[in-house]
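S.K.: Dropping a prediction and its sequence here:
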Amino acid sequence: MKPHLLRRAGAGLLTAVLLAVGTTTTAAAAPSSGFDNWACKPSAAHPNPLVLLHGLGGNGPGNYSFLGPYLAAKGYCAFTLTYGQATPAIPVGGTVSIVQSSAEIEMFVNRVLSTTGAAKVDLVGHSEGGFQSLYGPKVRGYAGKVGKVVALAPPTHGTTFAGLVSVGDYLGLRPLVDRVLRDFGCPACDEIIVGGSEVTRLNAGPIAQPGVKYTVIASRWDALVTPHETSFVRETGVKNQFVQDTCPLDPVGHVGLAFDPTVAQLVANALDPARARPVLCGFGPPL
């Protein structure tokens, strides 16, 4: 072969190799599943990234240390945040007013959509986070950006509980929770009890928004969000279920809803009913 043809062939081969390497690098930098991986790009199978909302007195990484990686392993881009911190110096969230926290959550939803390029997110909320997953689409008006809501024991109609801060207890944050409550108080606590201002606002008219599919999951063993029926949204288009409807012997309590394998399967089925799998009734400690 003539020298100039050899050079041309070599250049063509080099270009092909570089393109292949570049394609591989790009693919490696843009996984289709992950937990708090901002390079994640949703797959066609799971086009809606997940926004995971923690409970009062907890934080995103701790509250979703089990469920976040579990859902990522199912093929989702899942993201969490710590909203409603009284001070950035203390990793305890959800204690400021519901209104302030809901604004932070909406900003985070917009960030997830912008970063991933998705049209909608699905919301998964636990405890106060479950309340926020119902509150935001309705009260803040971003239902058009939400495909599904899965709410775990939300105090939808208000609760008679004494403290959802046991989420913080379980995460080992009790001293920090006590410090926050002592120094800054807990406006959210007063807003989500029976008759609380934001409970009243949420329940003024239908909660479920057009175009959004809702699942509410509660436990008959919940000692904090009481009475248990207060979680449910008795409206068209909402599926309400007790864990014990599926697994009668599962003793999961309030905090444990975010750490229970049975509940994780129920959440995964609610997010992707077309690929729902049989629920195996193995369970963790009754937290």
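M.R.: All right, it came through fine.

S.K.: now the helices: where do they sit in the chain?
M.R.: Assigned by DSSP state H, the chain shows helices spanning 3-29, 60-63, 67-73, 98-116, 128-135, 166-170, 174-184, 187-191, 197-202, 243-246, 261-271.

S.K.: nearest to Pro210, of those helices?
M.R.: Pro210 sits nearest to helix 128-135 of all the helices of the chain, at 14.3 Å, using C-beta to C-beta. Where C-beta positions appear, they are placed from N, C-alpha and C, glycine not excepted.

S.K.: rewinding a little: Throw the helices of the chain into CSV and include mean neighbour count, thanks.
M.R.: Shown next, in CSV, are the helices of the chain (neighbours: other C-beta atoms under 10 Å):
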stretch, mean neighbour count
helix 3-29, 10
helix 60-63, 23
helix 67-73, 20
helix 98-116, 18
helix 128-135, 30
helix 166-170, 24
helix 174-184, 16
helix 187-191, 20
helix 197-202, 19
helix 243-246, 18
helix 261-271, 22
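
S.K.: And the ones you listed: which comes nearest Gly141?
M.R.: Using C-beta to C-beta, the helices of the chain put helix 98-116 closest to Gly141, at 9.0 Å.

S.K.: which residues are in contact with the closest one?
M.R.: Here helix 98-116 makes contact (C-beta atoms under 8 Å, 6 or more residues apart in numbering) with 38, 40-42, 49, 51, 53, 77, 79, 81, 83-84, 93-94, 118-121, 128, 131-132, 135-136, 139-140, 142, 145-146, 187-188, 191-192, 198.

S.K.: Let me know the pLDDT of Asn269.
M.R.: On the pLDDT scale, Asn269 is placed at 98.

S.K.: That one reaches Pro278, doesn't it?
M.R.: No: applying C-beta atoms under 8 Å, one finds Asn269 not in contact with Pro278, separated by 9.2 Å.

S.K.: For ChimeraX, write a command that selects the buried ones of the contacts of helix 98-116.
M.R.: Restricted to buried positions by 16 or more other C-beta atoms under 10 Å, the ChimeraX selection for the contacts of helix 98-116 reads:
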select :40,41,42,49,51,53,77,79,81,83,84,93,94,118,120,121,128,131,132,135,136,139,142,145,146,187,188,191,192,198
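
S.K.: Just the contacts of helix 98-116: which are in strands?
M.R.: Among those, the ones falling in strands (DSSP state E) are 51, 53, 77, 79, 121, 146.

S.K.: Closest to Glu235 out of these?
M.R.: Val146 (15.7 Å).
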